[in-house]
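Peer 1: sequence and predicted structure, then a few things I'm wondering about:
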Amino acid sequence: MKILVCISNVPDTTTKVKFKENNTLFDDSGVQWIINPWDELALTRALELKEDASNSINKVAVIHVGAVQTDATLRKALAIGADKAIRIDACAADAHYVAGQIAAYLKENPFDIILSGIESSDYNGSSVGAMLAELMDYPGISSVTDLNFDSDEIHVHRAIPGGMQTLKTESPFVAVVQKGIAKEARIPSMRGIMMARKKPLEVKAAVELEILTKSVKFELPEPKGACKMIDPENMDQLVELLKSEAKVL
């Protein structure tokens, strides 16, 4: 069986966000790019499953829609342990476009399990995994916190309000993963970095797809106001401020 992990290339979480051209484009100058944290956890779980001799996972690949500048991120995924990386050579215009490009690849190169992080840490769209399942007509399972094999059965655990749900499914399917899928993300070892240089990074031309959405303008949040210190004995003032300024009462 083969697992395909969808990878997003996102700014490091410590990046100071800036925009340019009258706030219509993200300013990527000086930005350090990383694997989207949710996708990194998905990759970690995929590799754990491959290393478990009790199941039939024998290949883990990663796929990404992006330009050549994102190859470094894919190389990191290879260094972590992925067997192969695929880059669809196109700008990730919107979620539907990304899902469509990955679906086009899957139709020619089928995988048994497709893992997608619940969202990317930049746009937080939470859409690609569900769209991909729909485009492929695969079962789509959201909020996945664990994925296991019991003999030939695939068990998927997902978070639901007030508890946990366990599902039995068959491949192929798409799992949208979240917190719990892996304890912590793996980091590349020196041996992994050296081996990554010899692993295949396949670049595929994009298929023609309509772009359905467009970013018109970006806005930064308002700066936080100054902290107000309230005398612990003056509860009346605290309550008044919570009503009139914070508007939480």
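Peer 2: All right, it came through fine.
Peer 1: now the helices: where do they sit in this protein?
Peer 2: Here the chain has its helices, by DSSP state H, at 37-51, 71-80, 95-108, 128-136, 190-196, 235-244.
Peer 1: got JSON lines for those, with mean pLDDT, mean neighbour count and distance to Leu115 too?
Peer 2: All C-beta spots, glycine's among them, are computed from the backbone N, C-alpha and C. JSON lines is the format used below for the helices of the chain (pLDDT from 0 to 100; neighbours: other Cβ atoms under 10 Å; distance: least, Cβ to Cβ, whole Å):
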{"stretch": "helix 37-51", "mean pLDDT": "93", "mean neighbour count": "23", "distance to Leu115": "4"}
{"stretch": "helix 71-80", "mean pLDDT": "94", "mean neighbour count": "21", "distance to Leu115": "12"}
{"stretch": "helix 95-108", "mean pLDDT": "94", "mean neighbour count": "20", "distance to Leu115": "12"}
{"stretch": "helix 128-136", "mean pLDDT": "93", "mean neighbour count": "21", "distance to Leu115": "8"}
{"stretch": "helix 190-196", "mean pLDDT": "90", "mean neighbour count": "13", "distance to Leu115": "20"}
{"stretch": "helix 235-244", "mean pLDDT": "89", "mean neighbour count": "12", "distance to Leu115": "43"}
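Peer 1: worst mean pLDDT across the helices and strands of the chain, which element?
Peer 2: Within the chain, no helix or strand scores below strand 25-26, which has a mean of 84 by mean pLDDT, DSSP states H and E.
Peer 1: before we move on, the earlier item: CSV for the helices of the chain, including distance to Glu184?
Peer 2: Below are the helices of the chain laid out as CSV (distance: least, Cβ to Cβ, whole Å):
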stretch, distance to Glu184
helix 37-51, 8
helix 71-80, 12
helix 95-108, 26
helix 128-136, 22
helix 190-196, 16
helix 235-244, 38
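Peer 1: those: which one's closest to Gly30?
Peer 2: Closest approach to Gly30 among the helices of the chain (Cβ to Cβ): helix 71-80, 15.2 Å.
Peer 1: circling back: partners of the least confident helix or strand of the chain in the sheet?
Peer 2: According to DSSP bridges, strand 25-26 forms sheet pairs with strand 19-20 (antiparallel).
Peer 1: returning to what we had before: which outside residues touch the least confident helix or strand of the chain?
Peer 2: Strand 25-26 is touched from outside by 17-20, 218, with contacts defined as Cβ atoms under 8 Å, 6 or more residues apart in numbering.
Peer 1: so how far is that strand off the chain centroid?
Peer 2: On the basis of Cα atoms, centre = their mean, to the nearest Å, strand 25-26 sits 20 Å off its chain's mean C-alpha point.
Peer 1: quick check: pLDDT value at Leu4.
Peer 2: With respect to pLDDT, Leu4 scores 97.
Peer 1: next, count neighbours for the residue nearest to it when sequence neighbours are not counted.
Peer 2: When the adjacent residues along the chain are set aside, Leu4 lies closest to Phe111, with 4.0 Å between them (Cβ to Cβ, 6 or more residues apart in numbering). Using other Cβ atoms under 10 Å, Phe111 is surrounded by 20 other residues.
Peer 1: follow-up on the earlier one: using CSV, lay out the contacts of strand 25-26 together with neighbour count.
Peer 2: Formatted as CSV, these follow (neighbours: other Cβ atoms under 10 Å):
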residue, neighbour count
Val17, 12
Lys18, 14
Phe19, 14
Lys20, 12
Phe218, 15
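Peer 1: okay then, goodbye and thanks.
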